[in-house]
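Chemist: Next come a sequence and a model predicted from it.
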Amino acid sequence: MSSNAFLFGVFDGHGGQSCSRHVSVSLFPYICASVLQKHEVKSLPPDGRLEWLFSSADVHLPNLFIDSEKEQVIDYYKAFIENKDLHTVRDALKFAFETCDENLCKAALPNNRGQIDSLHKGRNASQRRAAKK
């Protein structure tokens, strides 16, 4: 991406308001983790870069939720670096969206004790509505 590039997102809510809000807040850090590597000092670790990425996060999110999101983006960053097939911005955007979507789906599933994390219940309801459409 050049310094003259812009990225706009339109989240129309067809999967439900909660799902749309989640993706509108969560997708950007995945995308940034893909492209910042080429534009930032490489000596700065990914979790340090994430401080910048999460400056756009919803200020009403609990810290536990933000910490969980950071861990997911760090895991994404590691997978992105290891994937040698991602050469274009288009590929990076697709991989970022697919990973964000996969993490959203995993959050909707019960853990090994059969419980669903209460932080994700709002997203789960909107995801079920989207699956019925």
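Modeler: Done, it's in.
Chemist: Could you use CA atoms for every contact and neighbour count after this?
Modeler: Noted.
Chemist: And what about residue 74, helix, strand or coil?
Modeler: The three-state label given to residue 74 by DSSP: H, G, I helix; E, B strand; the rest coil is helix.
Chemist: ok, residue 34 - contacts?
Modeler: When contacts are counted by Cα atoms under 8 Å, 6 or more residues apart in numbering, residue 34 touches 77, 80, 92, 96.
Chemist: And it, how far from residue 109?
Modeler: 26 Å (Cα to Cα, to the nearest Å).
Chemist: and what of residue 68?
Modeler: 15 Å.
Chemist: Find the least confident helix or strand in this structure, judged by mean pLDDT.
Modeler: Lowest by mean pLDDT, DSSP states H and E among the helices and strands of the chain is helix 121-132, with a mean of 48.
Chemist: Spatially, which two of the contacts of residue 34 are the most separated?
Modeler: Distances among these were taken as Cα to Cα; the most separated pair is 77 and 92, at 10.8 Å.
Chemist: who's more crowded, those two?
Modeler: Applying other Cα atoms under 10 Å to residue 77 and residue 92 shows that residue 77 carries more neighbours, namely 23 against 20.
Chemist: tell me which element the residue nearest to the more buried one when sequence neighbours are not counted is part of?
Modeler: When the adjacent residues along the chain are set aside, residue 77 lies closest to residue 33, with 5.8 Å between them (Cα to Cα, 6 or more residues apart in numbering). Assigned by DSSP states H and E, residue 33 belongs to helix 17-35.
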